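*Asks:* Turn this into a model:
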Amino acid sequence: MSKGCLILEDQFDDYAEGSTGDPIWTPVEMITWTRVVPAWRLRDRMMTVDVAAHELAYPRGVLAYCLAGETSWRDYLLEVEVSFRHRGHTGGNVGIWGHYQENGGYELVLGQDGNTLKLVRADKGFTEFDFLQTVSTEVELGPWYRLGLAFRGSQVDGYVDGKSLVSAVDSTYQAGQIGLKVHDAAAAFRSVRVWMLV
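*Replies:* Numbers count the residues shown, from 1 in each chain. Next comes the predicted model:
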């Protein structure tokens, strides 16, 4: 895989600490993150979220996500560093989205609910899910994992710490935004980068 130009990079160091009621953050570099569920916080050059704290009110767990980029992005590599901080009662998972559109997209999910890595296609407004490939992997609280999601034509590849572990050929979604998500867990994100692929 040959990386082209870097089209998005966020180290979360140009934001004010804490959070605001505004669902959109735009830092100095003009990267706009649209938050869905206002649980996201900024501190210590990381974006963090704790939705596990809401498990009594939501027995199936709470989902928090945020989006960036353009719906027209096609062939690209997304890399994000993520760390689990706390598990919810279902074990919880963290993930990154690519080719995100209003009605669906692709997700790389790292889960403590069974120590798995899943490549998933979401459809019909994220109400239906097709598990394209699932593998077992060790997932621990604390360490940083570098997740990667690459798109080239109809080829979709998922990486952990630079190693390709899951892949699929699927052309349902040809372009879209990137996203970060947490379900029934507390997690921290840092160093988000997107390269066009050549």
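*Asks:* can I assume Val192 sits in a strand?
*Replies:* Yes. Assessed by DSSP: H, G, I helix; E, B strand; the rest coil, Val192 belongs to a strand.
*Asks:* Give the bridge partners for it, please.
*Replies:* Asp10 (DSSP bridges).
*Asks:* Roughly how far does it sit from Asp170?
*Replies:* For Val192, the distance to Asp170 (Cβ to Cβ, to the nearest Å) stands at 24 Å. In this view, the C-beta of every residue, glycine as well, is placed from N, C-alpha and C.
*Asks:* out of those two, which sits in the busier spot?
*Replies:* Using other Cβ atoms under 10 Å, the more surrounded residue of Val192 and Asp170 is Val192, with 23 against 16.
*Asks:* Low-confidence regions, this protein specifically.
*Replies:* 1, 13-32, 35-39, 43, 45, 50-62, 89-90, 113 (pLDDT under 70).
*Asks:* rerun that using 90 as the cut-off
*Replies:* Counting by pLDDT under 90, the chain shows low-confidence ranges at 1-4, 8-68, 84-93, 102, 111-115, 125-127, 138-141, 181-191, 198.
*Asks:* Does Ser167 lie in a helix or a strand, and which?
*Replies:* Per DSSP states H and E: Ser167 is located in strand 163-169.
*Asks:* got the contact list for that strand?
*Replies:* When contacts are defined by Cβ atoms under 8 Å, 6 or more residues apart in numbering, strand 163-169 is touched by residues 108, 117-119, 121, 132-135, 137, 154-159.
*Asks:* now swap in stretch 97-107 and tell me
*Replies:* Here stretch 97-107 has contacts from 65, 67, 71, 73, 76, 78, 95-96, 108, 118-126, 149, 151, 156, 170, 172-181, using Cβ under 8 Å, 6+ apart.
*Asks:* One more: stretch 189-198?
*Replies:* 1-12, 45-48, 68-69, 73, 75-82, 144, 150-152, 178, 180.
*Asks:* ok so, going back, would you mind checking the contacts of stretch 97-107 for buried ones?
*Replies:* 65, 67, 73, 76, 78, 95-96, 108, 118-122, 126, 149, 151, 156, 170, 172-173, 175-181 (16 or more other Cβ atoms under 10 Å).
*Asks:* quick one: contacts for the closest residue in space to Thr137 that isn't next to it in sequence?
*Replies:* Leaving aside its chain neighbours, Thr137 sits nearest to Leu117 (4.9 Å; criterion: Cβ to Cβ, 6 or more residues apart in numbering). For Leu117, the contact set (Cβ under 8 Å, 6+ apart) comprises 108-111, 134-137, 158, 160, 165-166.
*Asks:* Of these - the most surrounded one?
*Replies:* Gly158 (29 neighbours).
*Asks:* Mind listing the residues bridging to that residue?
*Replies:* Per DSSP bridges, the residues bridged to Gly158 are Leu149, Val166.
*Asks:* any idea how far it lies from Thr116?
*Replies:* 12 Å.
*Asks:* tell me which residues form a beta bridge with the most centrally placed residue in the chain?
*Replies:* With distances taken as Cα atoms, centre = their mean, the residue of the chain nearest its centroid is Ile96 (1.8 Å). Note on Ile96: beta-bridge partners by DSSP bridges are Leu108, Leu180.
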